[in-house]
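1. Here is my input, please return the structure:
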Amino acid sequence: MKRLVVVATSCVFFLGIGCGKDSTGTDVDPPLVSAVGPAQGTVGTEVRIEGTGFSNQVVVRFDDLSSPRVLLQGGAVFAIAPAGLQSGHTYQVRVSNGGAPDSSNLTFTAGPPVITRINGVTRPTGLRGMTLIVEGSAFSDSVGLSGARVFFSSATGTPIQAAVTDTSADWADRFIVTTVPQEIGDVSQIWVETPTGVSDSVEFRIIQNGLFSPSLINWATTTPLPQPLQALGAVFVPIEDGPTPANYVFVAGGADTLSAPVPRVLRAVVSQNGALTGSWSDMPALPSARAYHAVVAATPFTAAIDTATTGGFLYVLGGLDPVGQASSSVWFARVGLDGAVSPWQATTALPTPLRSPSAVVFAGWVYLVGGADGQGVAKTATWRAPINLDGSLGIWQSMVALPEAASHAALVSFGPFLYSVGGETQSTTPTNASQTGGETSRVYLARIDLRSRDIAVPGWTATESMGKARSKHGAIFAGGSILVTSGIYAGSPGSSENSYAGINSDGTLRSWNGATGSETIDVELGMSLYNMSVVTFIDQSGFGHVLVLGGADRQNEGRPSAGVVRY
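-> Coordinates of the predicted model:
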């Protein structure tokens, strides 16, 4: 927002007493100042001064240092903190109308910049060359005055100054929009330097794409679920802090052998090779049974989580209730640093009842697309909701609709890109194992605007089609590719069970290829799956793993599986 520049005249002070007259020699009254904010900052920070009695001769000083720019708008004064500020020193902010200053005792403390999150998360990951937003405080609103800079570390630890394209629009006291340099290592550090200090560095990890090859998938079984389930939701939650750091997989809800939704919530520990260790543990159950719902997790890698107290938050969105009706309910639960799950709470409901939607978490927001209504009609609507610091969700906001309706699709997040993969475009019953002709092979791509967290122009666009139509499947990002597995599709399991497409630097997909191996899911479990859940994670060596949990047997419609396979 543009503000009006005040033509200010300075007044010489002697022994702390103002001259009492403006530039024309007229006596002037001092303003009455009531508030100054922010109370901390650096050279170039724009300070808002509230009060009354400001004139067009207003002058602002920080002790004896004059502000180089004073602006007046809406009855408030906006002053740029001047050069010469010393870190740790608290300055009296004195405002005058060209005469005696106000008598308030309000202050401004100069200090180092503080990074609170990057791309909306506390443990950021991303790609070389991608745009990101550094959020925090005391970055400066005037880079030209302060000379503030943002740095990444190279693979050898050498500082690399990051580029800021438009310093007037992309650099402010509370955010910096920059680009990840190509020269950084797989694990880098980000920090900000200003005249009044250097921020703590924040670790930034490059999304791995070299140590997982989806071209050859040999599945192996691991600890099965305590009961057969289809239409379940599963998420991966890494906890790197606290007394017992571990990787966990959580399962929420699902449909049992009678196709009835269940409220059960389960947890298992995931080893570094992708296998589940020990047995599954029951966690606090959902408030009501759910199946054909979406389940997502907010972790320090996807949202601003307080890592001193919280390992993550789990969310259950929509789905079928115990009487088979589509629901708009949204529940969330806190995951402690010991992996324990708190009792579930209701939060902001979906704008409309939905079953079989798809959802992901990115940069502190939940994104949800498609799904079917209570009559089973597929939808094009897409929505997003912000994750609050306490884990609850803010108001759901409508986004650009999908080009075609889709339920039972798979939504994948990779960096700032969203992919809606396949799905059912017609009405279908959830347990149906036969092809309807409404399955689609199309994949739609959207880029998230990191400033607004909304979908950027031009919205959803078609990218490389899968070739074979597929619904009720799973899809994840792994090894620089999108990997699709199982579901309702044409073809035998050995040749069509898995398919993958590499991701280009602009987010578009390369050609799809079959990912075959001698140990298919069909061989390991003796059934071809649909309505299962798929999760992925990167181990400490940077190698990607995939878990496929539960699902139903295509050859025995509606018959659920307790099987869990891994790669």
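2. Can you pull the poorly scored residue ranges out of the protein?
-> For the chain, the stretches with pLDDT under 70 are 1-27, 208-214, 493-494, 540-542.
3. Domain boundaries for it, per the record?
-> 4-110, 114-206, 220-566 (automatic domain parsing).
4. chain center to the first one: distance?
-> I take that to be domain 4-110. Relative to its chain's centre, domain 4-110 lies at 40 Å (CA atoms, centre = their mean, to the nearest Å).
5. In this protein, mark out all the helices, start to finish.
-> Applying DSSP state H to the chain gives helices spanning 143-146, 167-170, 493-496, 521-525.
6. mind checking which of the ones you listed is nearest Thr382?
-> helix 167-170 (27.0 Å; CB to CB). The C-beta positions use only the backbone N, C-alpha and C, and glycine is treated the same way.
7. Kindly export that closest one (C-alpha atoms) in PDB.
-> Only the C-alpha atoms of helix 167-170 are listed here, as PDB (Å, rounded to 0.1, in the frame of the first residue of the first chain):
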ATOM      1  CA  THR A 167      13.700  -6.000  -3.400                       C
ATOM      2  CA  SER A 168      10.700  -3.700  -3.200                       C
ATOM      3  CA  ALA A 169       8.100  -6.500  -3.500                       C
ATOM      4  CA  ASP A 170      10.100  -9.600  -2.400                       C
END
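8. Could I get the buried residue list for that helix?
-> Asp170 (16 or more other CB atoms under 10 Å).
9. What lies in contact with it?
-> Val143, Gly144, Val164, Ile176, Val177, Thr178 (CB atoms under 8 Å, 6 or more residues apart in numbering).
10. sorry, back to before: pick the most deeply packed of the domains of the chain.
-> Among these, domain 220-566 has the highest mean neighbour count (mean count of other CB atoms under 10 Å), at a mean of 20.
11. Between the contacts of helix 167-170, which sits nearest Asp338?
-> For the contacts of helix 167-170, the nearest to Asp338 is Ile176 (35.5 Å; CB to CB).
12. I figured the closest one was touching Ser137, is that so?
-> No - if you go by CB atoms under 8 Å, Ile176 and Ser137 don't touch, sitting 11.4 Å apart.
13. Surely Val47 and Ala76 touch.
-> No - look at Val47 against Ala76 with CB under 8 Å: they stay out of range, at 10.4 Å.
14. Please enumerate the strands of the stretch 401-550 of the chain.
-> Assigned by DSSP state E, counting those that start in this stretch, the strands in the stretch 401-550 of the chain fall at 410-414, 417-421, 443-447, 461-463, 470-471, 474-478, 481-485, 488-489, 498-503, 509-514, 529-530, 533-538, 544-549.
15. The ones you listed into CSV, with extra columns for distance to Pro68?
-> Compiled in CSV, the strands of the stretch 401-550 of the chain are given as follows (distance: least, CB to CB, whole Å):
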stretch, distance to Pro68
strand 410-414, 44
strand 417-421, 42
strand 443-447, 38
strand 461-463, 46
strand 470-471, 61
strand 474-478, 48
strand 481-485, 51
strand 488-489, 65
strand 498-503, 47
strand 509-514, 51
strand 529-530, 66
strand 533-538, 48
strand 544-549, 52
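16. Nearest to Thr194, out of those strands?
-> strand 443-447 (30.9 Å).
17. What helices and strands are in contact with the closest one?
-> Judged by 3 or more CB pairs under 8 Å, 6 or more residues apart in numbering; DSSP states H and E, strand 443-447 is in contact with strand 417-421, strand 461-463.
18. Off-centre distance for that strand?
-> The answer for strand 443-447 is 17 Å, by CA atoms, centre = their mean.
19. Next, the angle from that strand to strand 498-503.
-> 40 degrees (axes from the mean of the first three to the mean of the last three CA atoms, to 10 degrees).
20. quick one, strand 443-447 and strand 474-478 angle?
-> Using the same axes, to 10 degrees: strand 443-447 against strand 474-478 is 50 degrees.
21. Could you list the residues in contact with strand 443-447?
-> 400, 402-403, 416-422, 455-456, 459-466, 482, 501, 507-509.
22. mind listing what that strand pairs with, with the direction of each?
-> strand 417-421 (antiparallel), strand 461-463 (antiparallel) (DSSP bridges).
23. Any chance of JSON lines for those, columns distance to Ser407?
-> What follows is the strands paired with strand 443-447, written out as JSON lines (distance: least, CB to CB, whole Å):
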{"stretch": "strand 417-421", "distance to Ser407": "11"}
{"stretch": "strand 461-463", "distance to Ser407": "19"}
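24. now stretch 399-411, how far from the centre of its chain.
-> Offset of stretch 399-411 from its chain centre (CA atoms, centre = their mean): 19 Å.
25. Report the backbone C-alpha coordinates of it in CSV.
-> C-alpha atoms of stretch 399-411 as CSV (Å, rounded to 0.1, in the frame of the first residue of the first chain):
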residue,chain,number,x,y,z
MET,A,399,-9.8,-22.7,-5.2
VAL,A,400,-9.8,-23.1,-8.9
ALA,A,401,-11.9,-26.2,-9.8
LEU,A,402,-10.4,-29.3,-11.5
PRO,A,403,-11.0,-29.4,-15.3
GLU,A,404,-13.1,-32.6,-14.8
ALA,A,405,-14.8,-34.2,-11.8
ALA,A,406,-12.9,-37.0,-10.0
SER,A,407,-13.5,-39.1,-7.0
HIS,A,408,-11.1,-41.9,-5.9
ALA,A,409,-8.3,-39.9,-7.4
ALA,A,410,-4.8,-39.5,-5.8
LEU,A,411,-3.4,-36.1,-4.9
